[in-house]
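Peer 1: the sequence and its predicted three-dimensional model are supplied below.
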Amino acid sequence: KVFGRSFKERHTEHKKAAELERPDDRIKLFYKSYPSKQTKTPVSHNIRKGYFDNLRQVVALSVDRSSTNWKSALEDGKIFHWPKEVVDRLAKKKRNIDLEKMD
């Protein structure tokens with residue numbers, strides 16, 4: 001989750017924490033499991049699962065909190081707001097998608 005900043009900024013924060021320079025970062029299992037390749041802090045091979053540098057950030061859902069579109073969708077009992085252009089594009093691809101079931 002990201003509040004008050006972009007996903008790019010949050011990724012930069014994660015990257016910095018993966019360098020394990022600060023004591024708080026060294027105790028977090030995620031950063032010990034996926035340290036930066038540039039870290040000078042030794043990490044046990046029993047804990048390390050890979051390197052942060054090899055991870056890819058994937059954003060499943062992003063909401064612009066300044067927009068009122070998402071608020072009205074939630075008030076209608078739906079999770080997603082489907083803009084007309086998206087619905088039209090899906091229809092052109094001849095996908096059999098029931099948008100009501102997706103909410």
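Peer 2: Right, received. Where do you want to start? Residues are numbered from 1 along each chain as shown.
Peer 1: report the buried residues of the longest helix that the chain contains.
Peer 2: For the chain, the longest helix by residue count, based on DSSP state H, is helix 7-17. Within helix 7-17, the residues scored as buried using 16 or more other CB atoms under 10 Å are 14, 17. Placement of C-beta: from N, CA and C, glycine included.
Peer 1: likewise stretch 18-34?
Peer 2: Result for stretch 18-34 [16+ other CB under 10 Å]: buried residues 18-20, 25, 31-32, 34.
Peer 1: this protein: strands as residue ranges?
Peer 2: For the chain, applying DSSP state E gives no strands.
Peer 1: any weak-confidence spans in it?
Peer 2: In the predicted model, the chain carries pLDDT under 70 at residues 1-2, 60-81, 94-103.
Peer 1: dump the buried residues of stretch 18-34 to JSON lines, plus distance to residue 88.
Peer 2: Listed next are the buried residues of stretch 18-34 as JSON lines, based on distance: CB to CB, whole Å:
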{"residue": "18", "distance to residue 88": "42"}
{"residue": "19", "distance to residue 88": "46"}
{"residue": "20", "distance to residue 88": "48"}
{"residue": "25", "distance to residue 88": "46"}
{"residue": "31", "distance to residue 88": "44"}
{"residue": "32", "distance to residue 88": "47"}
{"residue": "34", "distance to residue 88": "40"}
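Peer 1: now, which of those sits nearest residue 45?
Peer 2: Using CB to CB, residue 32 is the member of the buried residues of stretch 18-34 that lies nearest residue 45, at 11.2 Å.
Peer 1: now that closest one, nearest residue through space, not along the chain?
Peer 2: Counting by CB to CB, 6 or more residues apart in numbering, residue 32 lies nearest to residue 47, which is 5.1 Å off, once chain neighbours are set aside.
Peer 1: ok, residue 36 next?
Peer 2: Spatially, and ignoring its direct neighbours in sequence, residue 36 is nearest to residue 18 (4.1 Å; CB to CB, 6+ apart).
Peer 1: how far away is that neighbour from residue 53?
Peer 2: According to CB to CB, to the nearest Å, residue 18 and residue 53 sit 8 Å apart.
Peer 1: shared neighbours, the two?
Peer 2: Taking CB atoms under 8 Å, 6 or more residues apart in numbering as the criterion, residue 18 and residue 53 both touch residue 36.
Peer 1: fine by me, we can end here.
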